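K.L.:
please work out how this folds:
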Amino acid sequence: MHGERAAMAIARFVADRADLVLGGRFTDWPLLGMAGIQESALRIDPAAGLFGFAITRREGFLSTAAGRQAVAMAINRPSLLATWRSDWAPAETILPEALDSARPPARPDWAGLNQDIRLALARTRVQSWAADNGAPVVRIHVPPGSGGTLLWARV
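P.N.:
Here you go, the predicted model:
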């Protein structure tokens, strides 16, 4: 057994010096394609809510529900997830659908709208904010690694 960086573990697997690699994060995912790992060799444990934003500073544009909703509406979830896997389903709720509760989780009121309408609504909210406050500033931190770089580019 070895505890090491994903790149080294994948290199060992490709060189047939490891039978199994466990763990890893979305930041490591691009390494699989670069290493030529066959799809049939992958076993993926589905994780609900793989990506999410935590608002760490509720000031400026993100201090209002309208600002946070604008960011949420502007993200093209299917396109974002296709960066890693085409079969991952996007989620628009914090909780997964199948949970031991009386009702399914509440969905945002904009969830049923298509991406073009969402983007137009988000753009309107940003323009409204900018008219009174100047251009909004939103800082995003993503984990280091090639998967983090892809996430940054897609968002």
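
K.L.:
distance of the residue nearest to residue 76 when sequence neighbours are not counted from residue 58?
P.N.:
Ranked by C-beta to C-beta, 6 or more residues apart in numbering and with sequence neighbours excluded, the top spatial neighbour of residue 76 is residue 115, at 5.5 Å. In this view, the C-beta of every residue, glycine as well, is placed from N, C-alpha and C. Counting by C-beta to C-beta, to the nearest Å, the gap from residue 115 to residue 58 is 26 Å.

K.L.:
more neighbours, those two?
P.N.:
residue 115 (14 against 10; other C-beta atoms under 10 Å).

K.L.:
quick one: low-confidence parts of this protein?
P.N.:
46-50, 94-99 (pLDDT under 70).

K.L.:
mind doing that once more with 90?
P.N.:
1-6, 22-27, 29-30, 32-34, 38-59, 77-112, 137-148, 150-155 (pLDDT under 90).

K.L.:
for it, which residue occupies the most central location?
P.N.:
residue 51 (3.3 Å; C-alpha atoms, centre = their mean).

K.L.:
contact partners for that residue?
P.N.:
With contact set as C-beta atoms under 8 Å, 6 or more residues apart in numbering, residue 51 has these partners: 26, 80, 151.

K.L.:
now go through those residues and say which are in helices.
P.N.:
Per DSSP state H, helices hold the following members of the contacts of residue 51: 80, 151.

K.L.:
buried residues, the longest helix seen in the chain. List them.
P.N.:
Counting by DSSP H, the longest helix found in the chain is helix 115-133. Neighbour counts over helix 115-133 (16 or more other C-beta atoms under 10 Å) mark 118-119, 121-122, 125-126, 129 as buried.
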